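Undergrad: here are the coordinates; sequence isn't available:
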DNA sequence: TAAGCTACTTAACCCGCACTTAACCCCTCC
DNA sequence: GGAGGGGTTAAGTGCGGGTTAAGTAGCTTA
């Protein structure tokens, strides 16, 4: 689970952000001025810092510079209404990692901050549907915490399904995802699907892999 | 000095970018379609990848996904005219690190790519996985305190594995890490791996180097 | 220059697992 | 009742990967 620090003097906006991040499963501390932000950064360890530029006590650029001068390399994402090129360049010059101009979509903030945190901690991105989880870099898949044993084709199948989720994937799309250009003569897809289901669904009460007759297959469940 | 790969089918834009980056002291290779881009990525080592989305042969999203699936963690910056939120989310879902909407200021591109590369280069002098330790400066490796005797290729193999850990490294990625452009005809990789295992794992109870059938190899174990 | 060592490549072999194929069964919808 | 889409099962085989050994090139030492 990620833990962020948000430094923002607009309390309404701050509250909105903290609430939304909470929904996304991201903890977020909050400071409302630059000095307090610096103080918190020095005390705790955060996966990333969300930093407003217009701040009382100590402005965002200075906060960023001081952190970098102190050797703190926490990823920083600047949030600001200043959209001029010079402002952005100043931000990066001060040592920020990303720069997002207000107003922005909350979802974009989340994916950007996740990308930053991923780099820092070296954790890989995951595909997630309900209690099913795929760690792409480690090539490990778990359901409800238990690790799953997948064959190479099973893995490709599941990856294609989860990437598309919650959309339905046609047989054709699945086949080309698994075999590319050189598809097998007979439809071994159903055999592989059968084995995949045995690995992913059989030991559990709810069946995630569902067939949509005449069209293809889906993996149900909320994806990230 | 930074070295980038630009994958962009608009040749005018590509030329402009390459020229400007050159002025900034950044080397930049160029590929004009997705397949060629993948090929170059697999062959050489870049500090970052500038990736257009609309590409012939293989689109940018797929290139990104494939690289990540292969365990390549080169920072990626997507350049595209698509400015819709969903497009951005798709980009980050595919594993990009940053997303810049055309038209953009060249200077912004430069500072963003520098920020990405800076993150990446922050690498340790010492790699550690479980009781296995590599001192890059001294070019020495120990396991459980005992020093290991490694051949040059064995060293490169182990370094690639440990840098990636806990991620899985595909055979292709390992081969390009060891041999770069000039790969051997037959797969001598498995022979080298065999010898590496004899040096690293054989004398010890737990086997750190594990194979992921159909894909590649991992070194397990918590790294710092 | 020859002898010897080390490291790398190549080829050959073997094993086991995963993929393919084909068969059969069930269900639903013409 | 037939046809077709989909689920289930079993059998054969081919390939990925482990192991070994032989051949070669480069470097060192006598």
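TA: Received the coordinates, thanks. What you see is a predicted model, and the numbers here were worked out from it, not measured in a lab.
Undergrad: what's the neighbour count on the residue of chain A found nearest chain B?
TA: Nearest residue of chain A to chain B: residue A:152, at 3.1 Å (CB to the nearest CB). No exception for glycine: its C-beta is placed from N, CA and C like everyone else's. Residue A:152 has 13 neighbouring residues, counting by other CB atoms under 10 Å in any protein chain shown.
Undergrad: surely it touches residue B:216?
TA: No - taking CB atoms under 8 Å as the definition, residue A:152 is not a contact partner of residue B:216, at 10.9 Å.
Undergrad: ok, and does the lowest-mean-pLDDT helix or strand in chain A reach over to chain B?
TA: Here the helix or strand of chain A ranked lowest by mean pLDDT, DSSP states H and E is strand A:126-129, holding a mean of 86. No - on the criterion CB under 8 Å from any CB of the partner chain, strand A:126-129 is out of touch with chain B, staying 8.7 Å away.
Undergrad: packing partners for that strand?
TA: strand A:132-135, helix A:152-164 (3 or more CB pairs under 8 Å, 6 or more residues apart in numbering or on different chains; DSSP states H and E).
Undergrad: returning to that earlier point: and the closest residue to the residue of chain A closest to chain B other than its chain neighbours, how far from residue A:62?
TA: Spatial nearest neighbour of residue A:152, excluding adjacent residues (CB to CB, 6 or more residues apart in numbering or on different chains): residue B:214 at 3.1 Å. Counting by CB to CB, to the nearest Å, the separation of residue B:214 from residue A:62 is 52 Å.
Undergrad: tell me the spacing between the residue nearest the centre of chain A and DNA strand D.
TA: Nearest to the mean C-alpha position of chain A, counting by CA atoms, centre = their mean, stands residue A:114 at 4.5 Å. Remark: distance between residue A:114 and DNA strand D (CB to the nearest atom of the strand, to the nearest Å) = 31 Å.
Undergrad: which residues touch that residue?
TA: Counting by CB atoms under 8 Å, 6 or more residues apart in numbering or on different chains, residue A:114 touches A:2, A:125, B:92.
Undergrad: return the item of the residues you listed having minimum pLDDT.
TA: Least confident entry in the contacts of residue A:114, by pLDDT: residue A:125, with 72.
Undergrad: and that residue, how far from DNA strand D?
TA: Distance of residue A:125 to DNA strand D, given as CB to the nearest atom of the strand: 23 Å.
Undergrad: how about that residue, what does it touch?
TA: With CB under 8 Å, 6+ apart, residue A:125 has these contacts: A:114, A:118, A:136-137, B:68, B:93, B:95.
Undergrad: who's in contact with the residue nearest to residue A:152?
TA: A:151-152, A:155 are the contacts of residue B:214 under CB under 8 Å, 6+ apart.
Undergrad: follow-up on the earlier one: what comes into contact with the least confident helix or strand of chain A?
TA: Residues outside strand A:126-129 that contact it (CB under 8 Å, 6+ apart) are A:133-136, A:159, A:162-163, A:165-166, A:208, A:219-224.
Undergrad: hey, what's residue A:135 bridged with?
TA: residue A:126, residue A:140 (DSSP bridges).
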